[in-house]
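> Turn this into a model:
(one chain, ligands or ions: 1)
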Amino acid sequence: ARGEASIAVSGGSTPKAFFEALSREAIDWEKVTVTLVDERFVPADNPRSNHLLVATHLLKNAAANARFLPLFSPAASAEEAAERATEAAAVLAQPFDIVVLGMGNDGHTASFFPGGNHLAEALDLSLPRRVMTMEAEGAGETRLTFSFSSLQDARLLVLHIEGAEKKAVLQKALAGTDEAEMPVRAVLNRAASPVEIYWAP
Ligand SMILES: O=C(O)[C@H](O)[C@@H](O)[C@H](O)[C@H](O)COP(=O)(O)O
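Down below sits the predicted model:
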């Protein structure tokens, strides 16, 4: 419809089967830009890299022709890499056509972790679309993440989760409003776009 499309996907273990299936979809992938909701601040050859995950499971078959916009770059600091990613992402039409979020058992989504050093800022809708850094107890390495303002008005906003434990975590998130405790609540309660929840056993 617009001659191009963008999709921001999450990393972690949940999306692998989804990526494998999507990679075989016969669409005009050369008009699609794939990017990441968030990334670990590691190079693409590091097993913790979400770029590596997407390259392995999605950017192949029909989807090999898609454009990919990484968040990581070998900058002197995560902050510098975040600034570069923000500039690179600015060429994409806004809002994202599709955003696919995961959720951790601690109620994080993207890299919006409970206790994250930039969590309040990340969830502040008065701040512009950007890629920013995040550090938190449960995050492992420093993260690069799109802000909530970048993600919350996607034309299609999806929360993709699997298993009984995450179903219980989702129920707990839906039962409360404290976003510092469970940052996924920002998506569930304040996103401009309706959230389509896909749960598999
Ligand atoms: O970089 C990441 O890890 C993801 O973006 C993160 O937000 C993920 O969606 C959740 O941690 C769920 O991960 P699992 O699918 O592995 O449970």
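
> Quick check: the gap between residue 17 and residue 53.
12 Å (C-beta to C-beta, to the nearest Å). No exception for glycine: its C-beta is placed from N, CA and C like everyone else's.

> quick one, what contacts the spatially most central residue of the chain?
In the chain, the C-alpha nearest the mean C-alpha coordinate belongs to residue 37, at 2.1 Å (C-alpha atoms, centre = their mean). Residues in contact with residue 37 (C-beta atoms under 8 Å, 6 or more residues apart in numbering) are 8, 9, 10, 11, 99, 100, 101, 110, 145, 146, 151.

> Spell out which parts of the protein neighbour the ligand.
Residues of the chain found near the ligand (C-beta under 6 Å from any ligand atom) are 10-14, 37-38, 50, 102-104, 108-110.

> Give the buried subset of those residues as a PyMOL selection command.
Entered in PyMOL, the line below selects the buried ones among those, by 16 or more other C-beta atoms under 10 Å:
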select buried, resi 10+11+14+37+38+50+102+103+104+108+109+110
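
> could you redo the residues of the chain next to the ligand as a markdown table and give each row secondary structure and pLDDT?
Shown next, in a markdown table, are the residues of the chain next to the ligand (DSSP: H, G, I helix; E, B strand; the rest coil; pLDDT from 0 to 100):
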| residue | secondary structure | pLDDT |
| --- | --- | --- |
| 10 | coil | 98 |
| 11 | coil | 97 |
| 12 | coil | 94 |
| 13 | coil | 94 |
| 14 | coil | 97 |
| 37 | coil | 98 |
| 38 | strand | 98 |
| 50 | helix | 98 |
| 102 | coil | 98 |
| 103 | coil | 98 |
| 104 | coil | 98 |
| 108 | coil | 98 |
| 109 | strand | 98 |
| 110 | coil | 98 |
